[in-house]
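Student: Test case, fold it:
(chains A and B)
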Amino acid sequence: MPRRLLTTLVLCVWLFGSLPAWADEFFEAVRPLLTGRCLACHDSETRKGGLDLTRRATLLSGGDSGPAFESADPAASLLLEKLEAGQMPPKNPLSPEQVAAFRRWIAAGAVYAVEPLAPARAGLDWWSFQPIARPTPPALSSDWLRTPIDAFVLDRLRAEGLTPNPEADRRTLIRRVTFDLTGLPPTPDDVAAFESDPRPDAYERVVDRLLASPAYGERWARHWLDVVHYADTHGYDKDKRRDHAWPYRDYVIRSLNAGKPYSRFVREQIAGDVLDPSNPDAVVATGFVAAGPWDFVGHVELGEDTIEKRKTRALDRDDMVANTMSTFTSLTVHCARCHDHKFDPIPTRDYYRLQAVFAGVDRGDRLYASPEAAARHAELLARREAAFERLKAVNQRIASLTSPELRDLDAEIASLRDELGRLPEFTGPASPTNGYHSAIHSTPDATAWVQLDLGRSLPIQEIRLFPARPTDFPDTPGFGFPKHFRVEVSDDAEFHRPTLIHRESRPDGLEQGDEPLVLRPEEITARFVRITATRLWKRTGDYVFALAECEVLSDGENVARHAAITAFDTIDAGRWHTRHLVDGFDSRTALPPAADPTAVRRYDLLARIRTLEPHRAAIAAALMPADLRIEAAQARDDFNQAEAALAAQPPIDQVYALLSHQPRTIHVLNRGEVDQPREEATPGALTVLANLDPDFSSTASGPEGARRAALAAWISHPDNPLTWRSIVNRVWQYHFGRGLVDTPNDFGRNGSQPTHPELLDWLAVELRDGDQSLKSLHRLIVTSAVYRQSSAHNEQAAAVDAENRWLWRQNRRRLEAEEIRDAMLAVSGLLRRTMYGPGFEVFRFKDDHSPTYDHEDREASLRPTGHRRAVYRFIVRSVPNPWIECLDGADPNTSVPTRNTTLTALQALTLLNDAFTLQQAEAMAASLGPDSVPLQERIERAVMRALGRRPTSTEHAALTQYAETHGLPAACRILFNLNEFLFVD
Amino acid sequence: MMPERTNVRLIPRREALWQLGGGLGGIALAHLLGTEGLLADDAVPRPRADLNGGLHHRARATRVVQLFMSGAASQCDTFDYKPLLIRKHGEPFDPGGTVELFQSKPGAVMKSPWAWRQHGECGKWVSELLPHLAGCVDEMAFLPAMVSKSNVHGPATFLQTCGFVRPGFPSVGAWVAYGLGSLNENLPTFVVLPDSRGFAPNGPANWGSAFLPASTQGTMIKATADNPIYDLHPPSDSFVTAAADRDGRALLAKLNREHAEDRPGDSRLEARIAAYELAARLQTSAPEVLDLRGESAATRALYGLDDPITADFGRNCLIARRLLERGVRFVQVWSGADNGFPRRNWDSHEDLARDHGEMGRSMDKPAAALIRDLKARGLLDETIVLWTTEFGRMPCSQGGAGRDHNPDAFTNWLAGGGIKGGVTHGASDEWSFRAVENITYGYDVHATILHLLGIDHERLTYRHDGIGRRLTDVHGRVIREILA
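Tutor: A predicted model of the protein is given here:
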């Protein structure tokens, strides 16, 4: 069809020198209307009402209400009827001229000169891309006005024929603004003081007190963390802990409380580590980039150079791009990953330029410290490095000493190694286990041992210790193999009279690698074998002892296979267990049977090399001249001292943030597929903003951080209209329940348009050109008359504007999950106001290959450590806290710019029956006073605390009677379930 | 525990259901205040009685049970018979092209440890691992050319449960609950029965509602726990006596009603009152549905409740039937827990005969029982049974006795409402290594299920983050070849 039509059109042009009238009509008038006004709902994807207007065929088949075009009687077509009646498009009907154009086109047969049509993209003239000009507030006169904000709102209300509500009463006002700014209820004293304060600025004083409270940062950080999808675990399969994520959460709280200028807040989160490297806070801020989920299995367990690994990394960068651009610029840039953005002028190329900005970024724990501590740490590291270099040089000189005897020995060792290298590899089935692993120690000089009971005393010819190389540390041969250790045998389990088989102390840098240690004691009989580590192996920040397998040869048989294992300490988790020390597998594969001739030969070679090497060392030592000997001792001593000084340093803190490395090459990917790379992408930002240079390609050759610094500058630039509109809109939304643009993460064509565009811009300029502190913005908003008006219903106004888009009242809102939890703790008296630090865990945790987070464990859910504000909760991505989740808590797997509010039966059950709710009710009852205080009075106190007002006499009587019959805790439980407790007017 | 309701003003049942939009889950009266999805122009979907409860066309089925084999059930040891593997057993695996495995290098070709036989009128080959399901092949439509977009458990499991390889998207069950609402007034719309040994990769995120209203999320039932639904009752040792509960709710309703009367024009306040009434009904109906004592000895034996190997999965399958019978829309039953050791799911890297042997025996009889039982009760016609897993396993060995991950060929099957029995759509190559003919994805399975429920998968959308999200993203094709 399209091809034939096109052919026809070409023919027409050729024959008549112009297009036929119907085609003119189509191109000039109808197509722009269809694509611009209709296809947003009626394209082939959305098909609202079943109607798809992208093709003639689908126009003919119509939608739920029947065919949209009647070929027999075009004038009676449903499409025309809807357009003429002004029913479609629903918001702004077409002009009579536009309808007339449609009428002519339909009468001519509704022919699509080209099809299918695609919905129009927003152009560069889209509202959100335009520079912000400071609008002048309308000059109105009214007693109602308090701030310029009110003038903008009142102007619009008048235009709609609406009048705003009067100011709310003081109790309502203080409850509203206290929850709003701090997430906590006002105390009865706060309410009383405000109600009786005669000063004209009594309200402003309340606002200033609340903004100065540390609770302000705690409340507003929670909003920010919703948007940036922060959590304390990685998510996906295995969902490992992210124990150092919280410093970023604390950074947000501190920044908000400090009233940090917004542009700095933006820049620090994207590139603080490069813009202000000596400032620990700026390093912690980059926890933003790493806040989202991370696929542990894809990143850690997949091999390099696989397609799956590339997919994992591409999705990881996508999360960083989406997080950055949604959060700061309110654009859905990530929609351009597979194709040019369908609604906004964002080509796929722009998207991959942004991926290139993050091309050298991974997520992980990074060290940070105060500048002094960091400098001292660096200095000690350098000292150790230098000492190590000297040690290496001395050792090299020792190694170059030679004699005929040494040459013979070296030749012998080389030939043994050569034969070893030529032996065929034994390939057995993969190992399901790792082996034995001690407890984790914080110092290297701890003692840990593991021992084997052979059942009875047996002659022992050989002992083999197999080092581990666990699947989750694939690049770490010799994992856990101790630095200092001894091997002993005994006939008593307590080793009161041990026989020493082997003792070894290894200098740093000498690792066991993958080879087993083969020991051949002489003529010994024993029942027990014990391996004792006295200096442990260094993992990342701690020390362990691990072994994959231990074999004990007695008359050609591995008698360790049936040994009972005991240990000084053990972790026994996942693939690690004492019994895995003798299960016939090292950490990678099955071990060959004892009689396997190749294996026998291999161990024989290893044993001989092991006896020759110390022998060689002894001869070499004898050859050493005295001065070299002294120098070697000195170098060793220097190195040990540098090590000790480093170890004595106070621990450096860690934050889960971005790790910078050499950028990977980024290509534009066809359809987003990693195996279909197109041209290379250089770093850059969006091309939609005419006045800001989006090209960062000059940073491509510099250090990684330069790319991010360029993006940080682009986003935080005073002339970036998106950034400033985005943040004031978010703040407005949290104060009113709905943004001036009610799609806070999407200022593109598929999002909503601002209800009060001038107000939005005025606020943006106020913030940008003022001190840029969000606190100033809050103060401006909450002292306005719009904010202070009552939430009372008004039948006439609701008939005009049921959704309250024009703000003729304040919106009543249900508290968010965290506010409800905090409010219960506040009124029960159990709330602990400790700020900052690791998150509290109200679940039972069991570490494993796939860790368990059990939120239904009652003991855990009632822990006093959990009586802190909910913003300090340790957030698990895979297993949400059921209490928070059912009350519409934010899903940390995705950016949540606006919380849902649902009202469900499961919420009712949680608020009635959860052990936490009941614990709070009991605590509240106990805190209302001793039994000597009359019950009536305690009920009054309870209502004052929960609702901020005195009970009415009927409420008072009913609650007292109920408490008399069923106890005060039961009455407090009812208070927690009141709509008045859970909603703010 | 059932509170008396005499002194509670009952909202008319129909109105309560309408207000809460989805039975127990309740909708989403999403809030005047800025919920993107509901404020967008999209209306809340409304099932149409004239379409048998469908949204866009006539529904062929009204409910779904999804049996999820977590850890990746092998296709070439269950339903995808390849004589070549028997002939070439032990020989080098060389299907042409690169073979990229998850953990290992390709080992030799490995035939299934189980023998194969043809079954039913359709003559479908099934391995002896699954003798009971083999007896149901004439009910099933097989999809042996399934392909996944990831060979990693987490993302691939998300793809089958939520339609995306990343977290943050609603589960199929949540979409169905959102689109169609509830069929009953006493039980949740979407119920999940996890493996008794623990959660599969991604945990409850597999049945979350993500950006859809929280009311659509899967409600977890732990059949053998004291409190099978979280917070269904107060802890038995708490201060809340039955009388305190009953009188307390009456008082609560009275106070909440007075509060609402002072604040006209806000339906949310009424909806919260109704939510407490629904909660009370759930407290009575949930214990009833979990009480299996009324089931006959024959039924209990059919599901294998008398055998410790099948008892756990059998109990969950029997409960699934009871839930479906009572109008639960979507039930998800898990076979397999996390990827820990010793193996407790289908992820048989080390010893396939041992680990698939155990998982197969525990799943086979109960799953077959569910089909037979639903059929005997006349429920199979309106219930879709989906057997799925995140990807398949390699036809070559890993370490001699195990099999590594294979995202390029695996099997799903469907049975029941609107499904043509005894058919096979698509094929893998002669190795069962790559899907080659009529390839299908999780998207297509999801599109097909929605289609059978009377939903056009391209039209069930919800605005989130500026995007009209749908279950099938930009993909999905209804697999008409397997429709009856």
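Student: Okay, strands next: where are they in the stretch 751-900 of chain A?
Tutor: Ranges of strands in the stretch 751-900 of chain A, per DSSP state E, counting those that start in this stretch, are A:813-814, A:844-846, A:852-854.
Student: Please work out which of these is packed deepest.
Tutor: Highest mean neighbour count of these: strand A:813-814, a mean of 24 (counted as mean count of other Cβ atoms under 10 Å in any protein chain shown). For every residue, glycine as well, the C-beta is placed using N, CA and C.
Student: what's the helix or strand for the spatially closest residue to A:P951 that is not a sequence neighbour?
Tutor: Nearest non-adjacent residue to A:P951, counting by Cβ to Cβ, 6 or more residues apart in numbering or on different chains: A:V943, 4.2 Å away. Assessed by DSSP states H and E, A:V943 sits inside helix A:935-947.
Student: list the contacts for residue 53?
Tutor: This is for chain A. A:L34, A:C38, A:L39, A:H42, A:D43, A:L59, A:A68, A:L117 (Cβ atoms under 8 Å, 6 or more residues apart in numbering or on different chains).
Student: that answer is for a different chain, and I need it for chain B
Tutor: Per Cβ under 8 Å, 6+ apart, neighbours of B:G53: B:P47, B:A59, B:T62, B:L180, B:L183, B:L453, B:G454.
Student: From B:H446, how far out is it?
Tutor: 18 Å (Cβ to Cβ, to the nearest Å).
Student: Now, the contacts of B:G53 that are in helices?
Tutor: B:L180 (DSSP state H).
Student: Stretch A:143-154: how far from the chain's middle?
Tutor: 40 Å (Cα atoms, centre = their mean, to the nearest Å).
Student: try stretch A:106-114
Tutor: With Cα atoms, centre = their mean as the basis, stretch A:106-114 stands 52 Å off its chain's centre.
Student: So which bits of that stretch are buried?
Tutor: Neighbour-count burial for stretch A:106-114, counted by 16 or more other Cβ atoms under 10 Å in any protein chain shown, picks out A:I106, A:A110, A:V111, A:Y112, A:A113.
Student: For the residue of the stretch 201-350 of chain A found nearest chain B, list the residues it contacts.
Tutor: Nearest residue of the stretch 201-350 of chain A to chain B (Cβ to the nearest Cβ) works out as A:D237 at 3.0 Å. With contacts defined as Cβ under 8 Å, 6+ apart, the neighbours of A:D237 are A:D295, A:F296, A:V297, A:S850, B:V152, B:H153, B:G154, B:P155, B:T157, B:P201, B:N202, B:N339.
Student: would JSON lines of those residues with pLDDT, distance to B:A484 and secondary structure be doable?
Tutor: Output for these, formatted as JSON lines (pLDDT from 0 to 100; distance: Cβ to Cβ, whole Å; DSSP: H, G, I helix; E, B strand; the rest coil):
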{"residue": "A:D295", "pLDDT": "93", "distance to B:A484": "39", "secondary structure": "coil"}
{"residue": "A:F296", "pLDDT": "91", "distance to B:A484": "43", "secondary structure": "helix"}
{"residue": "A:V297", "pLDDT": "89", "distance to B:A484": "39", "secondary structure": "helix"}
{"residue": "A:S850", "pLDDT": "85", "distance to B:A484": "40", "secondary structure": "coil"}
{"residue": "B:V152", "pLDDT": "90", "distance to B:A484": "36", "secondary structure": "coil"}
{"residue": "B:H153", "pLDDT": "93", "distance to B:A484": "33", "secondary structure": "helix"}
{"residue": "B:G154", "pLDDT": "92", "distance to B:A484": "35", "secondary structure": "helix"}
{"residue": "B:P155", "pLDDT": "93", "distance to B:A484": "33", "secondary structure": "helix"}
{"residue": "B:T157", "pLDDT": "97", "distance to B:A484": "29", "secondary structure": "helix"}
{"residue": "B:P201", "pLDDT": "91", "distance to B:A484": "34", "secondary structure": "coil"}
{"residue": "B:N202", "pLDDT": "91", "distance to B:A484": "33", "secondary structure": "coil"}
{"residue": "B:N339", "pLDDT": "79", "distance to B:A484": "37", "secondary structure": "coil"}
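Student: List just the nearest of these to B:T388.
Tutor: B:T388 lies nearest to B:T157 out of these, by Cβ to Cβ, at 10.0 Å.
Student: what number of residues lie near the closest one?
Tutor: Close neighbours of B:T157, defined as other Cβ atoms under 10 Å in any protein chain shown, add up to 28.
Student: Same question for the one 10 residues further on.
Tutor: Here the count is done by other Cβ under 10 Å, and B:P167 has 27 residues near it.
Student: Helix or strand with the lowest mean pLDDT in chain B?
Tutor: Least confident helix or strand of chain B, by mean pLDDT, DSSP states H and E, is helix B:36-39 with a mean of 32.
Student: next SSE after it?
Tutor: Taking DSSP H and E, what comes next after helix B:36-39 is strand B:63-69.
Student: Tell me the first helix or strand C-terminal of that next one.
Tutor: Next element after strand B:63-69 (DSSP H and E): helix B:83-87.
Student: ok now that next one, how far from the chain's centre?
Tutor: Offset of helix B:83-87 from its chain centre (Cα atoms, centre = their mean): 34 Å.
Student: Likewise for stretch B:321-337?
Tutor: Taking mean C-alpha positions (Cα atoms, centre = their mean), stretch B:321-337 and its chain are 7 Å apart.
Student: again, but for stretch A:148-157
Tutor: Centroid separation for stretch A:148-157 versus its chain: 39 Å, with Cα atoms, centre = their mean.
Student: For chain B, just list every one of the helices.
Tutor: For chain B, the helices defined by DSSP H cover B:13-20, B:36-39, B:83-87, B:131-134, B:153-162, B:172-180, B:242-261, B:267-290, B:297-302, B:308-325, B:352-376, B:442-452.
Student: For A:V191, find the nearest of those.
Tutor: helix B:242-261 (18.1 Å).
Student: Tell me if that closest one is near chain A.
Tutor: Yes - for helix B:242-261, a contact with chain A is found by Cβ under 8 Å from any Cβ of the partner chain, at B:243-245, B:247-249, B:251-252, B:254-256, B:258-260.
Student: From A:P135, how far off is A:R249?
Tutor: 37 Å.
Student: between the two, who's got more neighbours?
Tutor: Just comparing A:R249 and A:P135: by other Cβ under 10 Å the higher neighbour count belongs to A:R249, 27 against 15.
Student: burial of the residue in the stretch 551-700 of chain A positioned nearest to chain B, as a residue count?
Tutor: When scored by Cβ to the nearest Cβ, the stretch 551-700 of chain A has A:R575 as its residue closest to chain B, at 5.7 Å. The tally of other residues near A:R575 (other Cβ under 10 Å) stands at 21.
Student: correct me, but it touches A:A468?
Tutor: No - with contact defined as Cβ atoms under 8 Å, A:R575 does not count as touching A:A468 (9.6 Å).
Student: Show me whatever sits in contact with both of the two.
Tutor: Shared contacts of A:R575 and A:A468, defined by Cβ under 8 Å, 6+ apart, are found at A:N434, A:S587.
Student: one step back: so how many other residues sit close to the residue nearest to A:P951?
Tutor: 23.
Student: Just the pLDDT for residue 17.
Tutor: Answering for chain A, as no chain was given. For A:G17, the pLDDT comes out at 39.
Student: Can you look at chain B instead?
Tutor: pLDDT, B:L17: 35.
Student: and the stretch 501-650 of chain A, which of its residues are near chain B?
Tutor: A:G574, A:R575, A:T589, A:A590.
Student: Break chain A down into its structural domains.
Tutor: Using automatic domain parsing, the domain parsing of chain A gives A:2-107, A:276-369+A:653-717, A:370-401+A:627-651, A:436-595, A:916-984.
Student: Just checking the distance from the third one to the centre of its chain.
Tutor: This points to domain A:370-401+A:627-651. How far domain A:370-401+A:627-651 lies from its chain's middle: 39 Å, per Cα atoms, centre = their mean.
Student: Thanks a lot, catch you later.
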